[in-house]
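Chemist: next comes the sequence, and after it the predicted model I'd like to discuss.
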Amino acid sequence: MRAAGILSFGPPEVLQLIEAEAPQAGAGEVRVRVKAAGVQPADLAVRSGWTPPGAAVHFPQILGNEFAGIIDQVGEGVTGF
């Protein structure tokens, strides 16, 4: 899969398309084939070097958690979404 991500902290130029292995839906999870995605101010802060409290940043770091798409895989035990 392709995703917007960073390999290091820095200015906007560090944002790039990253090839990553497609995730698999685990127990209690669904996987979404993303059709549209957005970047929020928090993503810009992470790109610049800020780490949210209680979180860890590991490179390559995929940014963004605002998206719309179609559920294409359902993990064990999922009965709704």
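Modeler: Thanks, I have it.

Chemist: what about the strands in this protein?
Modeler: Assigned by DSSP state E, the chain shows strands spanning 2-6, 16-19, 30-38, 61-62, 66-74.

Chemist: now the first one: average pLDDT?
Modeler: Confidence over strand 2-6, taken as the mean pLDDT, stands at 93.

Chemist: what's it in contact with?
Modeler: If you take CB atoms under 8 Å, 6 or more residues apart in numbering as the criterion, strand 2-6 is touched by 14-20, 37, 39, 46-47, 59-64. Quick note: C-beta positions are derived from backbone N, CA and C, even for glycine.

Chemist: give me the buried entries from those.
Modeler: Leu15, Ile18, Val46, Arg47, Gln61, Leu63, Gly64 (16 or more other CB atoms under 10 Å).

Chemist: and which of those residues is nearest Ala25?
Modeler: Ala25 has its nearest neighbour among those in Gly64, at 18.7 Å by CB to CB.

Chemist: hmm, the closest one is touching Ala37, no?
Modeler: Yes - counting by CB atoms under 8 Å, Gly64 touches Ala37, with 5.3 Å between them.

Chemist: so of the buried ones among the contacts of strand 2-6, which ones are in helices?
Modeler: Val46, Arg47 (DSSP state H).

Chemist: could you dump the buried ones among the contacts of strand 2-6 to CSV with distance to Gly26?
Modeler: Converted to CSV, those look like this (distance: CB to CB, whole Å):
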residue, distance to Gly26
Leu15, 28
Ile18, 22
Val46, 24
Arg47, 27
Gln61, 20
Leu63, 22
Gly64, 20
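
Chemist: contacting residues for the nearest residue to Val39 once chain neighbours are set aside?
Modeler: Leaving aside its chain neighbours, Val39 sits nearest to Gly64 (5.3 Å; criterion: CB to CB, 6 or more residues apart in numbering). The contact partners of Gly64, taken as CB under 8 Å, 6+ apart, are Ala3, Ala4, Ala37, Gly38, Val39, Gln40, Asp43.

Chemist: from those residues, list just the buried residues.
Modeler: Buried among the contacts of Gly64 by 16+ other CB under 10 Å: Ala3, Asp43.
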